Structures are given as C-alpha cells and as structure tokens.
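S.K.: return a 3D structure for these sequence lines:
(chains A and B)
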Amino acid sequence: MAKIINVVKGTKDILPQDAPMWHLLEKNALDIFTKYGYKEIRTPIFEVTELFARGVGDTTDIVNKEMYTFEKSDRSLTLRPENTAGVVRSYIENSMSRLSAPVKLWYKGPMFRYERPQAGRQRQFHQVGVEMFGVKDATADAEVILLAVNYLKSLGLNDLEVEINSLGCPECREVYKNKIKEVLKPEFDNLCEDCQNRYEKNPLRLLDCKVDSCKEIFEKPEIKAVIKSDFICESCAGHYSKLKSYLDELDVKYIENKLLVRGLDYYNRTVFEIKSNNLGSQNAVCGGGRYDSLVKNLGGEDTPAIGWAMGMERLISLIPTIEPKKLDGYIVSNSPADAFKLASELRDAGLVVEFDLQNKKFTKQLEKASKVANYAFILGEDEVKNNMVSVKNLSTSTQKQLDRKQLWSEYKNV
RNA sequence: GCGCCUGUCGUCAAGCGGUUAAGACCUCGGAUUGUGGUUCCGAUAUGCAUGGGUUCGAAUCCCAUCAGGCGCCCCA
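M.R.: Numbers count the residues shown, from 1 in each chain, chains lettered A, B, ... in the order given. From the prediction side, this is the model:
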C-alpha cells in the first residue's frame, strides 16, 4: 500500500459526527447577530503581512512568533491570525465610514497561529466574532458584551465568568506604564527573562506573569500599590463606570480583573474575557475589547470601535454532543429503477431518504433500514403494480400499505 | 522554544521477558431466496509507530528517530 498522508500538526478534520455542533454554532450566530443588527462579512484568509504588523502590533507574540508568513511575487503575505485587522482593512477600503453609524459586522472562519498545539489550541482554529464601528459611548461596550453573553446562552452556556477591565486611553496608560517601570526598576535584575523583555516592550504584560518569583515581587506592598492603583484618567473612569452600571442593569454578572491585559496592542479602555472552568488551561472562550485608534492607525478616519472573538472549537468542547439524525426513510426494493423514482418523489416532498445502491438482498436492505432510518418504505412487485408502498415503522414494527400519492403526508401515522 | 507523558486491528483495549498477540464494538458474510432491530455461527494484526541494540528468546528492557497528547509562554 502507498504511504498515507496525515493532517498537518495542529490541524484537524471536522468530521461528519461533529458537523451538527458546528451547524448549531453557525445558525445561532446568524440568528442572534442578525437580531442585534449585525451583518456578515467575509474577508480573505490571507492578507498583506504589514496589516497584522501594524494592526495587531509588532510587540505581540501573535505577530512576533506565531504568524504563517510566505512570499509570493515579492509580497509578504500572512494567513490571518485573527480577523479584526482584516475587518478594519475592509471597513476602510470600502468606505464604510460613509454608512450610517454604528456599522455592525460579524464573521466566522478559520484563523492560523503557529503555536505548540495543546488542549483547546490548534494551529488552524475557527473564530466567530463581531465588530462595531462608530460608537465611543459605553453603550456599545455594554451591547457587545450582552451579545456575547446571549450568544453563549443560546448554546446552553449560562454559567461562564465574564471578566472586565479598563486599560485606559493611550495618555493615561502611558503614565501608568511609566509608574510600573519606575517602581520595578530596583527589581529589574530579579525579574524572569520574559518579564525583562516585557519591561521595555509592553510593561502592562508584566502583570500576568505566571512565574513565582515574579509574582512574589508583584506582591510587595509598594509595588502592589502601584499595580492596583486606579491609574485611569477621569474620562476613562467615567466610561468604565458607565459600562458597569449598564451591565448591572442588564443583569450581566461580571468580575473585575485588574490584571486582565490583552496581548493585542490595539486595545484601549474596555477589555474583557469570558472564561470556563471546564476547558483545561486554555480557559478563555471569548476575548475582546475596545480599539479606538486602530481604524486611524490603518489609514482610515478616526473611528471608535469595539469587538470580540470566540474560539469555536472551545465552544464545541463545552456544549453537549448532538446525536446525528436518522433518515426519515430507507427504501427497500429489488428494483433500483423503481427505488430511484420513489426516492425522487419523497425527496421532492422534503423527506430524507436513501436506498440500496449495491444490489443487496432484501433482508440486508431491511437490516440497513433499521440501523439508519425511522421508516422502511418497502417497494416490491405487488406494490409497484398497485401503485402502493408498504411503510414499516421500524421502532414499533407496525406496517401498512399506503397509496403512493399520499405517502409523504401519511407515513408518520404508521 | 522548553518540560512531562503516551504509541498493540477502523475504534476501545488485554498483555508486565517464553501466549498460536485476549476480549469488546464497528464492518462484512452466513443461519434466513419479501420482513430488520434479539440470537447463533464465521471472517478480519505473520504483527505491537519506525530503526537499531541487549537477550537463547522482545509488543514487553535500553537508545535514537518519528508521531500524538498535556503543560509553560501566549491566546480564542
């Protein structure tokens, strides 16, 4: 036998037995997002590399070490590691700022990140996400979070934890960053290697370091005081408290997590994650936040925006398995030509039917029917002659001859 | 990139230095030439990820390679 070829590391087939769960995710996304006024957008799965470098940010791990980048005709192209940058690119390119705000878009599709695969993490994975452009008020933040919660509820996921935080605006964050750097300066040599790198590149990411020695340092009173301090400026604080009061009124439960720092550079003010305890160590199903300067940074008009993305594989691992449906009927007949005709009639009437294409014996056909279908439609010589079909209910074993014309509407009474 | 764990039929597995490599499920065939789902019978790994080594003897022990899983980092 020839050598077999396997799926590439970190990728997976979505097999027929899992398809019903994907259909559920996709159907509910379409239904619910549509109710909230979102329109679907589909952008290419690869873009010019510069889009991600400028959009996602070149201090992020996503851009630094996780991108699938390739060269073609002197252009550097990259398989999208996330879709916000692509959607923003399209928003700008198609002049969507001319549309009446807010512009609400949603998407679903594969994303690519070159990481070591593990539970809840693949190199090709799928996200559903939403992006809202044009509203700077906290109403947008609240609506977007509510939408996430309601989408999760529609999937039967009610008890997930919503964590929120505010990163402030570029101005107040700069002050905060400097304070952190200042107070940590004496400890610099004691920080782990990663943290020493983060110190210059992105001090906010120091805060969720998992190394014990670093955690200890962050626990020191004078350092903790700075980390925990409410650094955000008055207007950012106002925005944040407005969001919280909206969430309270909407009865959306949340936990404030001051250490919640997104790894994407473009976020400002509101960031949030939704987590599950049943996912192993990759426990975030949803992550998002506000990115008010991204549109401008990518060459568009200054446009506030906010969005989130959910990992579809992670969602699927949280919802119960959906058993595949049986066929409505399986036609049992020794005459393929007659079976073809009957199958067409029933299919046209909306039934899901199959019949034997392999010339199997009558008993084998019936055996097959009992495994895959709710009803057997038995079509023998007599039945063909009289324009009848014998319908057998395979769970009750009752059988009746029905007129072929009314078959599709009456078979369920057998 | 680093750490830990695991590779026996399509699937789940037993096996712990000497077996004819259990068993179950799935699939296929038969009992059953127009009545299934129950039952009974039968078929299906000359081979235990691959390559070396140790041994009289290896699926079992050792090494390497490959593959998979999990964790760190980071994220959905």
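S.K.: how far off centre is the helix or strand encompassing residue A:19?
M.R.: Secondary structure assigned from DSSP states H and E places residue A:19 in helix A:19-35. Averaging C-alpha positions (C-alpha atoms, centre = their mean, to the nearest Å) puts helix A:19-35 10 Å from its chain's average.
S.K.: stretch A:124-143 too?
M.R.: 13 Å.
S.K.: now do stretch A:260-274
M.R.: 17 Å.
S.K.: same question, stretch A:239-256
M.R.: On C-alpha atoms, centre = their mean, the centre of stretch A:239-256 falls 23 Å from that of its chain.
S.K.: surely residue A:70 meets residue A:48?
M.R.: No - assessed by C-beta atoms under 8 Å, residue A:70 is found out of contact with residue A:48, at 11.7 Å. Every residue, glycine included, has its C-beta placed from N, CA and C.
S.K.: quick check: neighbours shared by these two?
M.R.: A:76-78 (C-beta atoms under 8 Å, 6 or more residues apart in numbering).
S.K.: using ChimeraX, define a selection of the buried residues within those.
M.R.: Typed into ChimeraX, the line below selects the buried ones among the shared contacts of residue A:70 and residue A:48, using 16 or more other C-beta atoms under 10 Å:
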select /A:77,78
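S.K.: of the shared contacts of residue A:70 and residue A:48, closest to RNA strand B?
M.R.: Taking C-beta to the nearest atom of the strand as the measure, residue A:78 is the one of the shared contacts of residue A:70 and residue A:48 closest to RNA strand B, at 15.5 Å.
S.K.: double-check that that closest one belongs to a strand.
M.R.: Yes - Residue A:78 forms part of a strand when assessed by DSSP: H, G, I helix; E, B strand; the rest coil.
S.K.: OK, contacts around the nearest residue in space to residue A:65 that is not next to it in sequence?
M.R.: Spatial nearest neighbour of residue A:65, excluding adjacent residues (C-beta to C-beta, 6 or more residues apart in numbering): residue A:114 at 7.3 Å. Taking C-beta under 8 Å, 6+ apart as the criterion, residue A:114 is in contact with A:10, A:65-68, A:123.
S.K.: which of the residues you listed count as buried?
M.R.: With neighbours counted using 16+ other C-beta under 10 Å, those contain these buried positions: A:10, A:67, A:123.
S.K.: okay, and the beta partners of the closest residue to the second one other than its chain neighbours?
M.R.: Read that as residue A:67. Computed as C-beta to C-beta, 6+ apart, the closest residue to residue A:67 that is not its neighbour in sequence is residue A:78, at 5.0 Å. Residue A:78 forms beta bridges with residue A:47, residue A:69, as assigned by DSSP bridges.
S.K.: I figured residue A:78 was touching residue A:66, is that so?
M.R.: No - using C-beta under 8 Å, residue A:78 is not in contact with residue A:66; the gap is 10.2 Å.
S.K.: contacts only, for the closest residue to residue A:252 other than its chain neighbours.
M.R.: Closest residue to residue A:252 apart from its sequence neighbours, by C-beta to C-beta, 6+ apart: residue A:149 at 5.6 Å. Contacts for residue A:149 (C-beta under 8 Å, 6+ apart) come out as A:162, A:252, A:274.
S.K.: before we move on, the earlier item: which ones among the buried ones among the contacts of residue A:114 lie within strands?
M.R.: Among the buried ones among the contacts of residue A:114, no member falls in strands (DSSP state E).
S.K.: that's all I had, so thanks and see you.
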